[in-house]
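Student: Fold the following, please.
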Amino acid sequence: MHTPPQDVTVVALLADPDAPTDVAQRMARVLAPRLADRSGPGRRFEVRVVSEPFTAGAEDPHTLMRRVKERGRTEDWDIIVALTDLPLHAHGRRVVVDLSHTHGLALLSLPSLGGLRLQARARRAVEEAVLGLAGPRDTGVEEPARRQRRPRPFAGRLTPVRPGQVGDEETADLRYVISGPRGYLRVLLGMVRANRPWRLVPGLSKALAAALATGAVATVNSTVWSLAEALSAPRLVIAMVGSVTLMIGWLIVDAELWHRPAGGSPEARQKTRLYNASTVLTVGIGVLVCYAGLLLVNVVWALFILNDQVFAAMTREPLDATEYWTLSWFVASTATVGGALGSGLESDEAIRAAAYSKREQERRHMLQDDHGP
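Tutor: Numbering: from 1, shown residues only. Sure thing, here's the model as predicted:
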């Protein structure tokens with residue numbers, strides 16, 4: 001085992017697999033010198049990344065903090081910062097970070113940092129946690145304990161992050177939570193980002209094949225030409241919204257993605273609403289990406305296959321740019337309905353794997369095992 005010099009503070013980034021590990025590895029490249037610069041002269045840091053599923057089977061901050069503490073007992077780590085892409089809740093609040101100055105531990109929930117600039121926000125949060133846990137460098141002057149244990153702020157005045165309640169029996173001695181409508185939106189966007197909705201596109205191969213086949217056939221159908229020509233812009237918008245909504249609803253219902261509360265408590269209902277909102281947004285973004293791709297493919301296919309003289313003879317309208325766009329738009333909506341039907345050929349596991357992060361998949365498997373068939 002590598003033994004660091006005595007004047008080096010060893011920081012372990014204990015990260016869940018998948019996205020948290022990616023965040024930790026990118027962060028580790030620059031974290032040590034940034035910590036040294038901010039902590040003042042004479043202090044050095046060594047950063048290590050450990051990828052382990054420490055949240056498996058649990059999402060309670062108190063349990064996770066105990067796991068992190070036990071994990072570090074046999075290591076030479078001075079500070080442990082655990083990163084997870086699960087949203088954490090305690091005392092009815094959404095947790096940003098738990099800190100234990102006694103044991104040198106921090107537990108950071110990445111979704112609480114929002115969906116934008118995640119890497120920068122995560123790095124800043126880890127820096128604040130490490131500097132707060134490391135404490136001021138010994139200068140021979142004893143500072144009040146309260147001042148020593150108070151970390152730097154995790155957010156500015158305009159952010160919804162505030163100190164939260166910590167139970168006497170908990171490992172943590174300081175907690176930051178996120179509250180209010182802005183806090184809810186921030187966690188929601190963070191959960192959607194953790195789910196990586198763009199992965200839904202390659203994950204629905206059979207549905208996409210059905211949609212592309214439907215679009216290819218519809219593009220050369222003279223009845224579809226006449227319908228597209230007769231539809232006004234508002235009706236085309238309604239067709240698009242209807243087809244996308246149908247696809248979203250079908251995927252959620254068919255793959256049983258809708259979350260039901262585990263209990264009747266207000267906190268359970270609050271968590272359920274948050275999970276379901278993230279599911280709708282995740283699937284919705286994925287379907288919209290699919291729709292945009294279908295629209296592009298239909299435009300290219302129409303430009304290649306359609307004959308302006310045949311089109312004009314059937315519709316009595318010239319085949320210009322407007323007609324190409326209108327036809328492709330209508331066909332994309334029709335093809336999306338075909339894709340919804342084709343998604344029934346996908347396995348539920350394939351859809352869940354495409355729609356959720358690895359931690360969220362494990363959490364839902366655990367809930368299904370607890371409740372049973």
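Student: surely S343 meets L246?
Tutor: No: the criterion here is Cβ atoms under 8 Å, and S343 misses it with L246 at 10.6 Å. From N, CA and C alone the C-beta is placed, and that goes for glycine too.
Student: Looking at these two, which is more packed in?
Tutor: Just comparing S343 and L246: by other Cβ atoms under 10 Å the higher neighbour count belongs to S343, 22 against 17.
Student: Spatially nearest residue to that one, not counting backbone neighbours?
Tutor: Leaving aside its sequence neighbours, S343 sits nearest to A207 (Cβ to Cβ, 6 or more residues apart in numbering; 3.8 Å).
Student: For the one you found, which three-state class applies?
Tutor: Under the three-state scheme (DSSP: H, G, I helix; E, B strand; the rest coil), A207 adopts helix.
Student: Quick one: neighbours of it, just the number.
Tutor: 28.
Student: Over to Y184?
Tutor: The tally of other residues near Y184 (other Cβ under 10 Å) stands at 17.
Student: And E317, by the same measure?
Tutor: 14.
Student: Over to R123?
Tutor: As a burial measure, R123 scores 19 neighbours (other Cβ under 10 Å).
Student: how far away is it from T9?
Tutor: 17 Å (Cβ to Cβ, to the nearest Å).
Student: Within the helices and strands, which one has V297?
Tutor: helix 266-305 (DSSP states H and E).
Student: Strands of the chain, start to end?
Tutor: With DSSP state E as the criterion, the chain has strands at 8-15, 44-51, 79-84, 88-90, 93-100, 105-109, 161-163, 174-178.
Student: Need the CA coordinates for the third one. PDB is fine.
Tutor: In this case it means strand 79-84. The C-alpha coordinates for strand 79-84 follow below in PDB (Å, rounded to 0.1, in the frame of the first residue of the first chain):
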ATOM      1  CA  ILE A  79     -10.900  12.700   4.400                       C
ATOM      2  CA  ILE A  80     -13.500  10.800   2.400                       C
ATOM      3  CA  VAL A  81     -16.000  12.500   0.100                       C
ATOM      4  CA  ALA A  82     -18.700  10.100  -1.200                       C
ATOM      5  CA  LEU A  83     -20.400  10.900  -4.400                       C
ATOM      6  CA  THR A  84     -23.800   9.400  -5.500                       C
END
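Student: Output the contacting helices and strands for it.
Tutor: Applying 3 or more Cβ pairs under 8 Å, 6 or more residues apart in numbering; DSSP states H and E, one finds that strand 79-84 contacts strand 8-15, helix 19-39, helix 61-71, strand 105-109, helix 118-134.
Student: what's in contact with it?
Tutor: Applying Cβ atoms under 8 Å, 6 or more residues apart in numbering, the contact partners of strand 79-84 are 9-16, 20, 23-24, 54-55, 64, 68-69, 71-72, 104-110, 122, 126, 129-130, 133-134, 359.
Student: One more: the first one?
Tutor: Applying Cβ under 8 Å, 6+ apart, the contact partners of strand 8-15 are 4, 21, 23-24, 27-28, 31-32, 35, 43-52, 54, 68, 71-72, 75-84, 126, 130, 134.
Student: Recalculate using a threshold of 6 Å.
Tutor: Contacts to strand 8-15, defined as Cβ atoms under 6 Å, 6 or more residues apart in numbering, come from residues 4, 21, 24, 44-51, 77-83, 130, 134.
Student: same check, this time on the last one
Tutor: Surrounding strand 174-178, the residues in contact under the criterion Cβ under 6 Å, 6+ apart are 93-99, 112, 154, 160-161, 164, 166.
Student: Who does it pair with, and is each partner parallel or antiparallel?
Tutor: Under the criterion DSSP bridges, strand 174-178 sits next to strand 93-100 (antiparallel), strand 161-163 (antiparallel) in its sheet.
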